[in-house]
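> predicted model and sequence below, questions to follow.
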Amino acid sequence: LLSSGRVKPEQRLVCRRPLLIGGRRMDCSHPESVDTFDAANAIAYSCNSYFAEMATRLNGEELARVFHHAGLTSPTRLASTEAVGALTEARDEPQLQLQALGDWGIVVTPLELLAAYRNLALKKLRNASGDLGSAAPVFDGLERSVTYGVAHPAQPHYATAAGKTGTAANLNSPRTHGFFAGYAPADKPEIVMVVYVEQGRGVDAAAIAGKIFDAYFQKP
């Protein structure tokens, strides 16, 4: 959306609470005092309202293509045997919005998520001069997420970091799982990780990630 110009990074949207999509409650978990977002801060605070609205500027085929291109439905080759994600193309607006939020029609593995963030880290590393083009707000948002947003517990003491927390559904239980995906340092990545906490919260996964980052950058 950024590269096509259908979303302007400086455009600000108001978070709508409550958020009901296709009969599902998708209310945001960020502080209610933060209620207006541009692209970078929407990532930093993981605003469901923002991304649900922006998703309507895509169609189902376009969104599916983005997920496929990111490698979220193909083997990573990072393990000798691994599961592979699956995707169902959205057919109406509620499905499209829910899929953009990761709540319908897409199943990914931790390795696929890791590989996707590794690609982000490599893009950042190859553009150390800061010329990230239309993708700049994405990287900015991931850094803000750790600096002061939803992934702040992942902030290491000895380096900078970038990343996001998330919530994964449980097919057999109403209990959800938390995860963090990110890399460090934010400007010249050396390490990429995904932390998955069964029946935990994203903030718990971020706190674990922060300790792992610290352990890595304290290496002798």
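Nice, I can see it. Numbering: from 1, shown residues only.

> can you pull out the strands in this protein?
Using DSSP state E, the strands of the chain run over residues 13-14, 20-21, 24-25, 36-37, 86-87, 106-107, 162-170, 173-184, 191-197.

> what mean pLDDT would you report for the last one?
This means strand 191-197. Averaged over strand 191-197, pLDDT sits at 98.

> what helices or strands is it leaning on?
Using 3 or more Cβ pairs under 8 Å, 6 or more residues apart in numbering; DSSP states H and E, the elements in contact with strand 191-197 are helix 110-126, strand 173-184, helix 202-217. Yep, even glycine has a C-beta here, placed from its N, CA and C like the rest.

> which strands and helices lie in contact with the first one?
In this structure, helix 110-126 packs against helix 136-147, strand 173-184, strand 191-197, with contacts taken as 3+ Cβ pairs under 8 Å, 6+ apart.

> neighbours around residue 170, how many?
11 (other Cβ atoms under 10 Å).

> and residue 150, by the same measure?
Residue 150, neighbours per other Cβ under 10 Å, totals 26.

> ditto for residue 93
Neighbours around residue 93, by other Cβ under 10 Å: 15.

> adding distance to residue 3, write the strands of the chain out as CSV.
Converted to CSV, the strands of the chain look like this (distance: least, Cβ to Cβ, whole Å):
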stretch, distance to residue 3
strand 13-14, 19
strand 20-21, 25
strand 24-25, 29
strand 36-37, 20
strand 86-87, 21
strand 106-107, 21
strand 162-170, 20
strand 173-184, 21
strand 191-197, 23
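
> nearest to residue 72 among the helices and strands packed on helix 110-126 would be which one?
For these, the distance to residue 72 is smallest for strand 173-184, at 11.7 Å, taking Cβ to Cβ.

> give me the below-cutoff pLDDT ranges for this protein.
Residues of the chain meeting the criterion pLDDT under 70: 220.

> residue nearest the centroid of it?
Ranked by distance to the mean C-alpha position of the chain (Cα atoms, centre = their mean), the top residue is residue 164 at 5.0 Å.

> any idea what that one is bridged to?
In this entry, residue 164 is beta-bridged to residue 181, by DSSP bridges.

> pretty sure it contacts residue 151?
Yes: contact criterion Cβ atoms under 8 Å: residue 164 and residue 151 qualify, at 5.7 Å.

> so what's the residue count around the residue lying closest to residue 213 once chain neighbours are set aside?
Nearest residue to residue 213, sequence neighbours excluded (Cβ to Cβ, 6 or more residues apart in numbering): residue 156, at 3.7 Å. Other residues within reach of residue 156 by the criterion other Cβ under 10 Å amount to 20.
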